[in-house]
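Engineer: My questions concern the predicted model and sequence given below.
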Amino acid sequence: MRNSPQAPCSQRRLLLRLAMCAPVLALLGPLAGCSPKPEFRSTFLQLWKSHLDLPPEAWRQRMAFLKQVGCSEIVLQWVGQTGTGVEGGDWMLSDASMQALLDACAEYGLQVRIGLPYDNGWWAAIASEDEQALPTWFNQSLQAASAFMRDSTWPMHPQFSGWYIPYEIEQYNWVSPARQALLGDWLTALSQVSQKANQGVPSISTYFSVLQTQGSLLQLWQSLLKRTQLRVMVQDGVGVAGWDNLDGVDPLIAYLREQHLPFDVIVELFEQLPSESTKFSEFTARSADYSRVKRQYAWAKGTGAQSIVAFAIEPWVTADDEYAKTLKDKLLNGWF
């Protein structure tokens, strides 16, 4: 998923979209007679065009299951996608669908962090050899995101718990002080828009890139957090890069804890499968083995994070394979 400096986030989005074909509602089943002990307080939910026409009852069924497995919050990865390369053109969750989603969350006591619309030009701007491409993209995306936050009525909904910035930050592409300054200015501006509107400090996720680089994830975030307020969500990266990836994120987690900065950790519930092909479209993954996820959860619990976030209950727990069924059973009935 992170073999390319240009499209690690895109690969994650693809593997989730490929898995979205799994039958979700058939797996929900009747609610248990007693509430299970919560394991993951929160989970990501990636919206696709297939979600656009879901009726209110379908949203209620999804939220009922998330509550059943112990969640009290969802993080919407985004509410739509824009820009060059979006399959079938730009799309956005309608007001009616968002209302149905939020109302379903209210019914089952789930808070919602809402992801801003995702501009598909992110990775192209980062990789461009044109020195003006990245500043131009930052400026355009800032204007669009700021207008969206200022004009949105969703922060007034009682289930709203903050904005999520849907771009994943790693150390490979942000080595130079000049690029770090551009990134910092952009994130500072986004955070200020949210806070000035009394919508809280936005969240953003980060991961340790396995690509060879002189960059440091710890140094990058030390620089960024000296100038802006953000709630950092640290991906464990185990589903992509294995256990050694924790060595890359542990220094950042230690820093966040030492500085008494609120942060979350993201536990990956999938396993990337090996492939001899280099074609992006052939990226494959499956639900993770229960014993591995149990170990990940134990690590996450020891980090001091404010929230342990699953990536993601849907589809990696709601899928129809044996790995997903085992995860579902353990989440419903207890880890031990």
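Structural biologist: Sure, I can see it.
Engineer: Surely Leu217 touches Leu211?
Structural biologist: No: counting by CB atoms under 8 Å, Leu217 stays clear of Leu211, with 11.9 Å between them. C-beta coordinates here come from the backbone N, C-alpha and C atoms, glycine included.
Engineer: Looking at those two, which one has more neighbours?
Structural biologist: Under the criterion of other CB atoms under 10 Å, the comparison of Leu217 against Leu211 puts Leu217 first, with 23 against 15.
Engineer: What degree of burial does the closest residue to the more buried one other than its chain neighbours show, as a neighbour count?
Structural biologist: The shortest distance from Leu217 to any non-neighbouring residue, by CB to CB, 6 or more residues apart in numbering, is to Gln171 (4.2 Å). Neighbour count of Gln171, defined by other CB under 10 Å: 22.
Engineer: For the longest strand that the chain contains, output the C-alpha coordinates as CSV.
Structural biologist: Longest strand of the chain, by residue count under DSSP state E: strand 160-169. What follows is strand 160-169, C-alpha atoms only, in CSV (Å, rounded to 0.1, in the frame of the first residue of the first chain):
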residue,chain,number,x,y,z
PHE,A,160,-20.8,16.2,15.3
SER,A,161,-17.4,15.7,17.0
GLY,A,162,-15.1,17.5,14.7
TRP,A,163,-13.6,17.7,11.2
TYR,A,164,-11.2,15.2,9.7
ILE,A,165,-8.7,16.3,7.1
PRO,A,166,-8.6,13.4,4.6
TYR,A,167,-4.9,13.6,3.6
GLU,A,168,-2.4,11.2,5.1
ILE,A,169,1.0,12.7,6.2
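Engineer: State the mean pLDDT of that strand.
Structural biologist: Strand 160-169 shows a mean pLDDT of 98.
Engineer: Trp174 - that's part of a helix, no?
Structural biologist: No: counting by DSSP: H, G, I helix; E, B strand; the rest coil, Trp174 is located in no helix; its state is coil.
Engineer: My read is that it contacts Trp186, right?
Structural biologist: No: using CB under 8 Å, Trp174 is not in contact with Trp186; the gap is 11.4 Å.
Engineer: Which one's more surrounded, those two?
Structural biologist: A side-by-side neighbour count of Trp174 and Trp186, using other CB under 10 Å, places Trp174 first with 25 against 21.
Engineer: Tell me how far the more buried one lies from Glu271.
Structural biologist: 28 Å (CB to CB, to the nearest Å).
Engineer: And Val234, by the same measure?
Structural biologist: 19 Å.
Engineer: again with Tyr167
Structural biologist: From Tyr167 over to Glu271 (counting by CB to CB), the distance is 24 Å.
Engineer: Those two: who's more crowded?
Structural biologist: Tyr167 (22 against 19).
Engineer: Hmm, that one is touching Trp123, no?
Structural biologist: No: the criterion here is CB under 8 Å, and Tyr167 misses it with Trp123 at 9.3 Å.
Engineer: returning to that earlier point: any idea how far the residue nearest to Leu217 is from Val309?
Structural biologist: Applying CB to CB, the value for Gln171 to Val309 is 21 Å.
Engineer: ok, what's across the strand from Glu268?
Structural biologist: With DSSP bridges as the criterion, Glu268 is bridged to Phe311.
Engineer: measure it to Trp122 for me?
Structural biologist: 21 Å.
Engineer: quick one, which of the two is more surrounded?
Structural biologist: Between Glu268 and Trp122, counted using other CB under 10 Å, Glu268 has the larger neighbour count: 26 against 21.
Engineer: Which parts of the stretch 1-150 of the chain are strands?
Structural biologist: Ranges of strands in the stretch 1-150 of the chain, per DSSP state E, counting those that start in this stretch, are 42-45, 73-76, 80-82, 91-92, 111-115, 118-119.
Engineer: follow-up on the earlier one: tell me how far the longest strand of the chain is from the chain's mean position?
Structural biologist: Centre-to-centre, strand 160-169 and its host chain are 8 Å apart (CA atoms, centre = their mean, to the nearest Å).
Engineer: same question, stretch 176-192
Structural biologist: 20 Å.
Engineer: what do you get for stretch 115-125?
Structural biologist: 14 Å.
Engineer: Contacts made by that stretch with the rest, please.
Structural biologist: For stretch 115-125, contacts defined as CB atoms under 8 Å, 6 or more residues apart in numbering pick out 6-7, 9-10, 75-86, 92, 133-134, 136-138, 140-141, 144-145, 148-149, 163-167.
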